[in-house]
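Sequence first, then the predicted structure:
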Amino acid sequence: MPEKDPTTYSMLTYAWVLVISSWGGVVSFYNKNKAGHARPFNIAELIGEIATSAFVGMLTFWLCEAASIQPLVSAALIAISGHMGSRAIWQFERWAQRRLIGDETDK
């Protein structure tokens with residue numbers, strides 16, 4: 001099996017990852033809007049939500065690939081992390097602190 005590397009995946013694969021994770025961001029924005037936490041036509045907030053979701057979705061994709069997780073499970077995790085947005089980034093940060101630094105304190 002060839003070495004896994006961010007440059008070895010096709011543009012179609014990356015497009016799917018971005019679509020799935022961004023869709024999670026749109027759903028998150030819709031839910032925030034419905035709950036009254038976001039203004040209905042705030043384009044800047046929507047774009048920020050989508051960008052954050054796309055970023056965390058890409059990170060999730062790479063982590064799933066590194067762990068050899070099945071593609072359908074990866075797709076679900078990408079969508080969930082895209083919906084979580086910045087909360088997923090915070091969770092990744094906590095995981096990295098515990099795993100790499102050995103920091104057990106919760107903030």
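Perfect, thanks for sending it.

Leaving aside the residues adjacent along the chain, what's closest to T52?
In this structure, T52 finds its nearest non-sequential neighbour in G85, 4.6 Å apart by C-beta to C-beta, 6 or more residues apart in numbering. For the C-beta atoms, the positions are set from N, CA and C on the backbone; glycine is no exception.

looking at it, that neighbour is touching A54, isn't it?
No: in this structure, G85 is not within contact of A54 by C-beta atoms under 8 Å, at 9.7 Å.

So for the two, which residue has more residues nearby?
Set G85 next to A54 and count neighbours by other C-beta atoms under 10 Å: G85 wins out with 25 against 21.

before we move on, back to that, which residues does the residue nearest to T52 contact?
By C-beta atoms under 8 Å, 6 or more residues apart in numbering, the contact list for G85 reads G24, G25, S28, E49, T52, S53, V56.

ok, it to L12 distance?
24 Å (C-beta to C-beta, to the nearest Å).

which residues of the chain score low on pLDDT?
1-2, 104-107 (pLDDT under 70).

Angles on the backbone of P6, please.
phi -60, psi -20 (degrees, to the nearest 10).

Could you find the closest non-adjacent residue to it?
W62 is the one closest to P6 (C-beta to C-beta, 6+ apart), at 6.7 Å.

same deal with G57?
In space, G57 is closest to S21, 2.1 Å off (C-beta to C-beta, 6+ apart).

correct me, but that neighbour touches T52?
No: counting by C-beta under 8 Å, S21 does not reach T52; the two are 9.4 Å apart.

The two - which one has more neighbours?
More neighbours surround S21 than the other of S21 and T52, with 31 against 21 (other C-beta under 10 Å).

what about that one, helix or strand, and which?
helix 11-34 (DSSP states H and E).

Other residues contacting that helix?
Outside helix 11-34, the residues that reach it (C-beta under 8 Å, 6+ apart) are 38-40, 45-46, 49-54, 56-58, 60-61, 75, 78-85.

Next: stretch 58-66.
4, 6, 9, 14, 17-18, 21, 73-74, 77-78, 81-82, 88-89, 92.

List the buried residues for it?
For stretch 58-66, the neighbour count (16 or more other C-beta atoms under 10 Å) marks M58, L59, T60, F61, L63, C64, E65 as buried.
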